[in-house]
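Novice: whatever this is, show me its structure:
(2 chains)
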Protein chains: 2
Amino acid sequence: METLSLGQYDLIFNAFSFGFATLAAATLFFWLGIGQVKQEYKLALIVTGLVTFIAAYHYFRIGQSWVDAYTLVDGVHVPTEKVFNSAYRYVDWLLTVPLLLVELILVMSLSRSETVSRATSLGLAALLMVALGYPGEVSDSLGVRWVFGQLSMVPFLWIIYQLYKGLGDAIESQPESARGLVRLARNVTVGSWCFYPVVYFAGAIGLEGATATVIVEVGYTIADIIAKAGFGVIIFLIALRKSEDPQNDKTLTVPAGEGPKDKNTKTVPAE
Amino acid sequence: METLSLGQYDLIFNAFSFGFATLAAATLFFWLGIGQVKQEYKLALIVTGLVTFIAAYHYFRIGQSWVDAYTLVDGVHVPTEKVFNSAYRYVDWLLTVPLLLVELILVMSLSRSETVSRATSLGLAALLMVALGYPGEVSDSLGVRWVFGQLSMVPFLWIIYQLYKGLGDAIESQPESARGLVRLARNVTVGSWCFYPVVYFAGAIGLEGATATVIVEVGYTIADIIAKAGFGVIIFLIALRKSEDPQNDKTLTVPAGEGPKDKNTKTVPAE
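Specialist: Numbering: from 1, shown residues only, chains lettered A, B, ... in the order given. Purely as a prediction, here's the structure:
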């Protein structure tokens, strides 16, 4: 750890606080919005809120750890003995990154068997991707960082392949009103995730010092907000759009008069 | 208590934080998911969320106790006067382990009399199992640890017998769509519970030192996450599957026209 100027220290602390506020507010938004969507999309919103809830908890902890890790001496922030706990990020990703893929699968409302198989394979690949990154992140050796970073890229590339190729047909058969948003959700996932290896390999090419710390911490925070809260808003809009879409409501084909009652019981069978 | 390296101390602390985050998120998932299942399975989800809620509380406290129990001296963590409070685990298990068996019984939707008798007998056996383990866990004598460990195995083996033999018929008569998951829930219970005596007797054979502390604390944490959050997800899936299963819905055999209205009133008798 290196000495930070007042401005550098504050910028990072404020990024963590911003991360907490955004992710906590996003959680409440997704969960309060559950009543706005049809029964079959509620589970997607529940999981979307879980992701931001878990991330908000970790940003709160990261902020506390940051405060403990530095002390003010002669107008600069010098590291204390309590090392900043960057493991919080990996613990968070271990839980949230698989769930992010699960929420995308859930909002697509595929068949049960396809939902289970795709959620399982994508979730496990995401778990492997995060787990392989960690040994490199904590290692002092640039070589180790490179090796684990590259190993971690294997499941990452597989996930990208699956999102474009494996899920391609399923995305193109989404209701027209939601198709563009589902494509956007897929692209935001891949786009925001690409930022993580950039920050990771910034460490692997030996970028060091206070400026590197600012880039890494603020960079990861922005990426987390986009990948979790921003992505979640798209999932919410997809669920809302599909809930409103008459094409998506099979019960509208029953004769008028019978329709409304039938519709009510068919779309909310469990209540 | 022994001196721990930075890595050992952090690994255990991060395991506790991971435990809290997972169990808190699981609680919210189960409770938010109550609206996804039929009336007769809602109580099972309420209890499933209670278990993870109680465990999340204890992991939060355990994490605090861990921080208080060590202080950094010359780059290693040395024990303070405040001894790490491992009683939190037993207080937690006293509440959650009987409830874990109750949630399995509840999601099986047996007759009322069978639900009451099985939940009572299994719950009391679980209480006895945990209570008998505690005197051995806190004793400094290996002999005392052995005696109470073995006494605790008696209700444990009775519970296993009940889950396979006593509940065997009831499991095999579950709706086909959920039967495999109910078997899985039973097996996950027994499998994850088997881990606790292994950790317990690791202490009884005199395994000591910093490595033993890491194995015990991280081991119990993983076992708790699987036995409570992982098991709870299976209970949730069983409730969901049984709620969706038309075979499980007697009202679908009534003549068309009468169906939807009849179905609606029959499945929500309590509202």
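Novice: buried residues in the longest helix seen in chain A?
Specialist: If you go by DSSP state H, chain A has its longest helix at helix A:39-69. The neighbour-count check on helix A:39-69 (16 or more other C-beta atoms under 10 Å in any protein chain shown) flags A:40-63, A:65-66, A:69 as buried. In this view, the C-beta of every residue, glycine as well, is placed from N, C-alpha and C.
Novice: same question, stretch A:16-33
Specialist: Those would be A:16-20, A:22-24, A:26-27, A:29-31, A:33, for stretch A:16-33 by 16+ other C-beta under 10 Å.
Novice: that stretch: how far from the chain's middle?
Specialist: How far stretch A:16-33 lies from its chain's middle: 13 Å, per C-alpha atoms, centre = their mean, to the nearest Å.
Novice: tell me where the model's unsure across the stretch 1-150 of chain A.
Specialist: Counting by pLDDT under 70, not a single residue of the stretch 1-150 of chain A qualifies.
Novice: where exactly do the strands run in it?
Specialist: Using DSSP state E, counting those that start in this stretch, the strands found in the stretch 1-150 of chain A span residues A:70-73, A:76-79.
Novice: deepest of those strands, which one?
Specialist: Stretch with highest mean neighbour count among the strands of the stretch 1-150 of chain A: strand A:76-79 (a mean of 16; mean count of other C-beta atoms under 10 Å in any protein chain shown).
Novice: now for it, which elements pack on it?
Specialist: Contact partners of strand A:76-79 among helices and strands, from 3 or more C-beta pairs under 8 Å, 6 or more residues apart in numbering or on different chains; DSSP states H and E: helix A:6-32, strand A:70-73.
Novice: distance of the nearest residue to residue A:41 once chain neighbours are set aside relative to chain B?
Specialist: Ranked by C-beta to C-beta, 6 or more residues apart in numbering or on different chains and with sequence neighbours excluded, the top spatial neighbour of residue A:41 is residue A:239, at 3.7 Å. Separation of residue A:239 from chain B (C-beta to the nearest C-beta, to the nearest Å): 14 Å.
Novice: residue A:239: neighbour count?
Specialist: Each residue near residue A:239 was counted by other C-beta atoms under 10 Å in any protein chain shown, and the total is 29.
Novice: just confirm it is within a helix.
Specialist: Yes - assessed with DSSP: H, G, I helix; E, B strand; the rest coil, residue A:239 lies in a helix.
Novice: how about the contacts made by it?
Specialist: Applying C-beta atoms under 8 Å, 6 or more residues apart in numbering or on different chains, we find residue A:239 in contact with A:37, A:38, A:41, A:44, A:45, A:107.
Novice: pLDDT wise, what is it at?
Specialist: Looking at residue A:239, its pLDDT stands at 96.
Novice: and residue A:214, what does it touch?
Specialist: Residues near residue A:214 by C-beta under 8 Å, 6+ apart: A:8, A:11, A:12.
Novice: so which bits of the stretch 51-200 of chain A are right by chain B?
Specialist: Counting by C-beta under 8 Å from any C-beta of the partner chain, the positions of the stretch 51-200 of chain A adjacent to chain B are A:53-54, A:57-58, A:61, A:81-83, A:85, A:87-88, A:91-92, A:94-95.
Novice: off-centre distance for stretch A:23-40?
Specialist: That offset, for stretch A:23-40, works out to 16 Å (C-alpha atoms, centre = their mean).
Novice: let me have the strands of the stretch 1-150 of chain A in CSV, extended by distance to residue B:223.
Specialist: Below are the strands of the stretch 1-150 of chain A laid out as CSV (distance: least, C-beta to C-beta, whole Å):
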stretch, distance to residue B:223
strand A:70-73, 36
strand A:76-79, 36
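Novice: which of those strands sits closest to residue A:146?
Specialist: strand A:76-79 (25.8 Å; C-beta to C-beta).
Novice: could you dump the strand or helix carrying residue A:222 to PDB, C-alpha only?
Specialist: Using DSSP states H and E, residue A:222 falls within helix A:209-224. In PDB, the C-alpha atoms belonging to helix A:209-224 read as follows (Å, rounded to 0.1, in the frame of the first residue of the first chain):
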ATOM      1  CA  GLY A 209       1.500   3.600  -7.000                       C
ATOM      2  CA  ALA A 210      -1.200   5.900  -5.900                       C
ATOM      3  CA  THR A 211      -2.600   6.600  -9.300                       C
ATOM      4  CA  ALA A 212      -2.900   2.900 -10.000                       C
ATOM      5  CA  THR A 213      -4.800   2.500  -6.700                       C
ATOM      6  CA  VAL A 214      -7.300   5.200  -7.800                       C
ATOM      7  CA  ILE A 215      -7.800   3.700 -11.200                       C
ATOM      8  CA  VAL A 216      -8.400   0.200  -9.800                       C
ATOM      9  CA  GLU A 217     -10.700   1.100  -7.000                       C
ATOM     10  CA  VAL A 218     -12.800   3.800  -8.800                       C
ATOM     11  CA  GLY A 219     -12.700   1.600 -12.000                       C
ATOM     12  CA  TYR A 220     -14.100  -1.500 -10.300                       C
ATOM     13  CA  THR A 221     -16.700   0.600  -8.500                       C
ATOM     14  CA  ILE A 222     -18.000   2.100 -11.800                       C
ATOM     15  CA  ALA A 223     -18.000  -1.300 -13.400                       C
ATOM     16  CA  ASP A 224     -19.900  -2.800 -10.500                       C
END
